[in-house]
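**Q** pasting the sequence and the predicted model now:
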Amino acid sequence: MEDILIIGGGPAGASAALTARNRGRRVTVVSGLLEDIPLWKAAEVSNYPGLPKSSGREILECFHRQCLDAGAGWVTGRATSAYAAGESFGVAVGSDFYESRALILAVGMSQGKLYPGEAELLGRGVSYCATCDGMLYRDKDVAVIGLCKAAEEEAEFLRSIGCRVQYFDKRRPYRIEGGDKVDALAVDGARYAVDGVFIFRSAVSAANLLPDLALDGEGHMVTERQTMAASVAGVWACGDCTGKPYQIGKAVGEGNVAALSACEALDRRDKEKAAL
Ligand SMILES: Cc1cc2nc3c(=O)[nH]c(=O)nc-3n(C[C@H](O)[C@H](O)[C@H](O)COP(=O)(O)OP(=O)(O)OC[C@H]3O[C@@H](n4cnc5c(N)ncnc54)[C@H](O)[C@@H]3O)c2cc1C
C-alpha cells in the first residue's frame, strides 16, 4: 500500500509528489498521457519562474522527469473510481487497483459538461473504461466518444475483443438515450442504435471519481484553504480542480500545501499507532 496516491500528473500533482517524497513518503502518481494535459498545447509559458521560454510540453516533461528522479511511482492511465475504506483508499485504474493511506486529487478541470443522459445511464451502458467493461459488449454495437488522444487506443482495444465500434471524435452535441439501459446515441439529428457508449476524456470529473466530495457551484472541489483538505477525511485537493485562477503557480503552491498536510496527517496517525 502506498502512503499517498496522487491522481493527476500536471503541475499540482507533480508538486505534491515532490514534496511528499521530500518528506520520505511512498508516493504514486496516476495520470493520463502527458500529451493529453491541456498545458501541453501552450507554445510558451512566460509567467512561471525558473523555466523561461519553455513550452507547456517542456514544463510537463521536466516535472515528470523530476518526479521519477525523486522516486515517485508513475502510472499512466485513467482513474475511473475511488472510494474510502476505513483509513485507506482504493482507486481503480482500468483493471488495476491501487491502495493508499491518503489521497490527493490534482485532476485539473474536467473539460466540458456531462452529455445529456450520461449521468443517468452511467453503469447501465455508459462507461469510462474499456478494460473494465469492454467484454460486456463483445459482438455488440458501441459508440466511442473520443475526446483525448488515448481514446483511439481504447477504441482499438474494444475492436480487438469483438465490439462493433462507431467512433466519434469531434466535440458535438451528443445525447445518450435509453431507459433501463443505453439504446442509442443521438448526434446532430442522427440516431445511432448502440448497446453501450464509451466516453474517453483526458479527465474524469472529481464528482464522478469520488461521489461524496463537496463541490461549489462551478464544479470545483471545496477545500479548506490553510491545508487544502477536501470534504472527505483523508483527501486533499490542489490545482485547477479547486478553483480559479487557473495558473501553474497556484497549482504548484497548492500541491505543496496539500502534500505537507497529507504528510502531517500520516505522521500523526503513525505516532498515535506507535503510542498504543
Ligand atoms: C493552452 C494553455 C496555455 C496555458 N498557459 C499558461 C501560462 O502561460 N501560465 C500559467 O500559469 N498557466 C497557463 N495555463 C493554465 C495551466 O495549464 C493550468 O492552470 C495548470 O496546468 C493546472 O495544473 P493542474 O495540475 O491543476 O491540472 P492539469 O495541468 O490540468 O493536470 C491534470 C492532471 O490530472 C490528470 N487526470 C485528470 N483526471 C484523471 C483521472 N481520472 N485519472 C488519471 N489522471 C487524471 C490529467 O491526466 C493530468 O495529469 C495554460 C493552459 C492552457 C490550456
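**A** In hand now; what should we look at? Numbering: from 1, shown residues only.

**Q** when you work out contacts or count neighbours from here on, use the C-alpha atoms and nothing else.
**A** Will do.

**Q** pretty sure V144 sits against Y167.
**A** Yes: between V144 and Y167 there is a contact under Cα atoms under 8 Å: 4.9 Å.

**Q** when those two are compared, which one has more neighbours?
**A** Comparing V144 with Y167 by other Cα atoms under 10 Å, the one with more neighbours is V144, at 26 against 15.

**Q** check which helices and strands the strand or helix carrying that one is in contact with.
**A** Using DSSP states H and E, V144 falls within strand 141-146. If you count contacts as 3 or more Cα pairs under 8 Å, 6 or more residues apart in numbering; DSSP states H and E, strand 141-146 packs onto helix 150-160, strand 164-168, strand 196-200.

**Q** quick one: average pLDDT of the last one?
**A** Confidence for strand 196-200, expressed as mean pLDDT, is 93.

**Q** for the longest one, same thing?
**A** The average pLDDT within helix 150-160 is 92.

**Q** next, the angle strand 141-146 makes with that helix.
**A** Here the directions of helix 150-160 and strand 141-146 differ by 160 degrees (axes from the mean of the first three to the mean of the last three Cα atoms, to 10 degrees).

**Q** for helix 150-160, which positions count as buried?
**A** Buried residues in helix 150-160, defined by neighbour count with 16 or more other Cα atoms under 10 Å: A150, A151, E152, E154, A155, L158, R159.

**Q** mind putting these into CSV with distance to the ligand?
**A** Shown next, in CSV, are the buried residues of helix 150-160 (distance: Cα to the nearest ligand atom, whole Å):
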residue, distance to the ligand
A150, 10
A151, 13
E152, 16
E154, 14
A155, 18
L158, 19
R159, 23
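
**Q** was I right about K181 contacting L121?
**A** Yes: shown here, K181 and L121 form a contact pair, counting by Cα under 8 Å, at 6.4 Å.

**Q** more neighbours, those two?
**A** L121 (20 against 16).

**Q** for R138, see how far away that one is.
**A** 19 Å (Cα to Cα, to the nearest Å).

**Q** which residues touch whichever strand or helix holds F89?
**A** Under the criterion of DSSP H and E, F89 resides in strand 88-93. Here strand 88-93 makes contact (Cα atoms under 8 Å, 6 or more residues apart in numbering) with 77-84, 97-103, 234.
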